[in-house]
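Enquirer: What follows is a predicted protein model with its sequence.
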Amino acid sequence: LKDVPTCIDWLPSGKGNMDLLAIGFENGNFKLLDLNGSEKKNVAAHTGSIIALKWREDGTALATVGEDGTCKIWSKTGEPRNTLV
C-alpha cells in the first residue's frame, strides 16, 4: 500500500457471501480488498483522514467516520447510502 492506513475491519464470508477487508487511509479514501489482496473498490470518502470504519454485523453496510466531522454509510460494494453530520 502506498497510502498510510488508519483503520481496518474484516467482513468474514459467513456474514456477507465473500470475505472483504476494508482499509481506511489518512487521505480520506477507503479500499475494499478480497482475501487475495485484489482491490475491489477505492472510494474517496472523506476530506481528511478516516478515523474509524466498521462493517455492520450482518455484512450489508460499512460505516466510516472522518476528520471532516461526518459519518457515512456505504453499501457492501462501496456505493454511498447515507451521510450523518
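Expert: Received, thanks.
Enquirer: Now tell me what touches stretch 74-85 from outside.
Expert: Applying Cβ atoms under 8 Å, 6 or more residues apart in numbering, the contact partners of stretch 74-85 are 11, 16, 20, 30, 32, 40-41, 43, 45, 59-64, 69-73. (Glycine included, C-beta is placed from N, CA and C.)
Enquirer: Apply 7 Å and report the result again.
Expert: 16, 32, 41, 43, 59-62, 64, 69-73 (Cβ atoms under 7 Å, 6 or more residues apart in numbering).
Enquirer: what two of those are the furthest from one another?
Expert: Largest separation among these by Cβ to Cβ: G16 and G69, giving 28.5 Å.
Enquirer: who's more crowded, the two?
Expert: G16 (16 against 11; other Cβ atoms under 10 Å).
Enquirer: What strand or helix carries the residue nearest the centre of the chain?
Expert: Most central in the chain under Cα atoms, centre = their mean is A22, positioned 4.4 Å from the mean C-alpha point. For A22, the host element (DSSP states H and E) is strand 20-25.
Enquirer: With R81 instead?
Expert: strand 80-84.
Enquirer: what pairs with that strand, and is each one parallel or antiparallel?
Expert: strand 71-75 (antiparallel) (DSSP bridges).
Enquirer: ok, back up a step: what does the strand holding A22 contact?
Expert: 3-11, 30-34, 40, 50, 53, 55, 62, 64.
Enquirer: Return the subset of those residues lying in helices.
Expert: Among these, no member falls in helices (criterion: DSSP state H).
Enquirer: Buried ones among those residues?
Expert: 6-7, 9, 11, 30-33, 50, 53, 55, 62, 64 (16 or more other Cβ atoms under 10 Å).
Enquirer: Great, nothing more from me.
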